[in-house]
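>>> Sequence first, predicted coordinates after that:
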Amino acid sequence: MTTQLAQPHRLALAGILSAVGGSLVFSINDVSIKFLSGSYALHEVVLIRSSVGLMIMLCLVLPFHGGLPALRTQRLPMHLMRALFVVCSNLFYFLGLAAMPLADAVAIFFIAPLLITALSVPLLGEKVGIRRWLAVGVGLVGVIVMMRPGQSGFHWAALLPVLSALFYAMMHMMTRRMGISEKAVTMAFYVQLTFIVVCLGMGFTVGDGHLAAQSDPSLAFLFRGWTWPHPGDWPIFLASGAASAIGGFLIAQAYRICEAGLVAPFEYASMPLAIFWGATVFGTWPDLHAWVGIALICGGGLYMFWREAVTRSRT
């Protein structure tokens, strides 16, 4: 009886640790992408990143999770749809990173766990109380504060992390539905493969740079022509690829074994790192609007975590 009761707690702890680890690893990816966004095309960066990530997964991760048979699936259409959600989420987010301070983009994107909690009700049938709904509302207010609508500081690129968060939330809804029968390594493999296919398609379409004359940082990142990477930039490409593979696996594992509303708030672990990297690597520091928005968004997520803990302690 004790073993049966302890099993859900062990799964919850494993899911939480996976979410925290994945978030910390992804912070390295964010720094790498933003650093490379001023010199290379988005689709070239992501193609190299995903190719490195796929090789790491096949050589280092897959052998410990069933080998090649683990890639077989009866739910290929669902894998491809989930992978497209990931691709859209990442591309919108990376385009936002090119034009925004790192901490601002990360903070706005962190509306995603709140959206996950909200969408878990109609899509997964999970229960969310009134207090957690209020937390979602507080987080949305934080996003509005950070976007500065109607002010001179508003930039359309602030909408990109919001779109990224929406696709990210939809991706995790599918992860939760698929988690019973599908392995995390299987889901991560099809994501990397889809990235490669999409980026090759973009490269053949706009990789020659015929649309590269863009003054906006996000559009320049999207339409810049492909160039051979400088030798000094290869370590950054490799770091991004490794972070993509490991982070993607850990996040998929977290949502596969735990309820979305439980693990989502733990993704906020990368917020302090985003502020640190922004200040030390890029010389940017959040202004007053950003601090207020960060406090509201993260406060809403942390409050949901606290409510979840209280609810679980009573059951």
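Structure's in. What do you need?
>>> Would you mind finding the longest helix in this structure?
helix 2-36 (DSSP state H).
>>> what about that helix, distance to the chain center?
12 Å (C-alpha atoms, centre = their mean, to the nearest Å).
>>> do the same with stretch 214-232
Chain-centre distance of stretch 214-232: 22 Å, with C-alpha atoms, centre = their mean.
>>> what comes up buried for it?
Pro217, Ser218, Leu219, Ala220, Phe221, Leu222, Phe223, Arg224, Trp226, Pro229 (16 or more other C-beta atoms under 10 Å). Where C-beta positions appear, they are placed from N, C-alpha and C, glycine not excepted.
>>> ok, Trp306 to Ile294 distance?
18 Å (C-beta to C-beta, to the nearest Å).
>>> more crowded one of the two?
Ile294 (25 against 14; other C-beta atoms under 10 Å).
>>> And for the more buried one, nearest residue in space, chain neighbours not counted?
In space, and not counting its chain neighbours, Ile294 is closest to Ala107: 4.6 Å by C-beta to C-beta, 6 or more residues apart in numbering.
>>> just checking, what packs against the strand or helix carrying the one you found?
For Ala107, the host element (DSSP states H and E) is helix 102-109. With contacts taken as 3 or more C-beta pairs under 8 Å, 6 or more residues apart in numbering; DSSP states H and E, helix 102-109 sits against helix 2-36, helix 76-99, helix 130-147, helix 159-178, helix 270-281, helix 288-313.
>>> Provide a list of residue ranges in the chain with pLDDT below threshold.
Across the chain, the ranges flagged by pLDDT under 70 are 1-7, 149-154, 179-180, 260-261, 305, 308-309, 311-315.
>>> on that earlier part again, please name every helix or strand in contact with the longest helix of the chain.
Helix 2-36 packs on helix 42-56, helix 76-99, helix 102-109, helix 234-257, helix 260-263, helix 270-281, going by 3+ C-beta pairs under 8 Å, 6+ apart.
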